[in-house]
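J.: Would you be able to build a 3D model of this:
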Amino acid sequence: MLGSLLCDKFICYGRIKTAYFANILIMVSVVPQMWLTVPSLCIGRFLLGFGGGLCIVTSSVFMAETVPAWKLGTVGTAVNSGIIFGLLVTAIIQGLTLPSPNITDMNLIATTQSWRYGFAAPGVFAFFNIIFWALFIRQDSITYLIDK
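T.: The predicted structure is shown next:
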């Protein structure tokens, strides 16, 4: 939530730069989440939330500035649907990679590596998001360029 609240401090440097920064921050946030300590997990989740907030606001502002008014409702719904779909896929990955609840030895969780896939999924999505922005969105929105 902090990323979405502070997005105005970042978005003034450009929508595309902010999107790249947010996605890189999400990819970087995966690293501390791979360590098996509570502080590193908290740091990684905070960075992930900050980057996610930046990404949501930046993509919404970019779409609002580039899409014609008569298509804005459809595109806005598509952006939000994409976010929810990403959350669903991540939740499914996390659910499929957790150990069985019948396990009585809690040390098995620390030795099993599959739980890390669920925490790495946002980094994979951010990587593909950077590729998407690089291939298909070549310049900032016209509104930003005029204001600049």
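
J.: need the next SSE after the top helix by length along the chain, C-terminal direction.
T.: Taking DSSP state H as the criterion, the chain has its longest helix at helix 38-66. Going down the chain from helix 38-66, the next helix or strand is helix 72-97, by DSSP states H and E.

J.: gap between the residue positioned nearest the centre of the chain and Ser114?
T.: Nearest to the mean C-alpha position of the chain, counting by CA atoms, centre = their mean, stands Gly52 at 4.0 Å. For Gly52, the distance to Ser114 (CB to CB, to the nearest Å) stands at 23 Å. Backbone N, C-alpha and C define where each C-beta goes, glycine included.

J.: centre of the chain versus the strand or helix carrying Gly118, how much separation?
T.: Using DSSP H and E, Gly118 sits in helix 115-136. Relative to the mean C-alpha coordinate of its chain, helix 115-136 is positioned 8 Å out (CA atoms, centre = their mean, to the nearest Å).

J.: Buried residues, the helix or strand just after that helix. List them.
T.: The C-terminal neighbour of helix 115-136 among helices and strands, as given by DSSP H and E, is helix 142-147. Neighbour counts over helix 142-147 (16 or more other CB atoms under 10 Å) mark Tyr144 as buried.

J.: Only C-alpha atoms, please: export helix 142-147 in CSV.
T.: Extracted in CSV, the C-alpha atoms of helix 142-147 (Å, rounded to 0.1, in the frame of the first residue of the first chain):
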residue,chain,number,x,y,z
ILE,A,142,1.4,11.9,-24.5
THR,A,143,0.0,13.6,-21.4
TYR,A,144,3.2,13.1,-19.5
LEU,A,145,5.3,14.3,-22.5
ILE,A,146,3.2,17.5,-22.8
ASP,A,147,3.4,18.2,-19.1
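
J.: Name the residues that touch the helix holding Gly118?
T.: Residues outside helix 115-136 that contact it (CB atoms under 8 Å, 6 or more residues apart in numbering): 16, 19-20, 22-24, 26-27, 29-30, 33-34, 44, 48, 51-52, 55, 86, 89-90, 93-95, 97-99, 109.

J.: Now a PyMOL select for only the buried ones of those residues.
T.: Selection of buried members from these for PyMOL, criterion 16+ other CB under 10 Å:
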select buried, resi 16+19+20+22+23+26+27+29+30+33+44+48+51+52+55+86+90+93+97
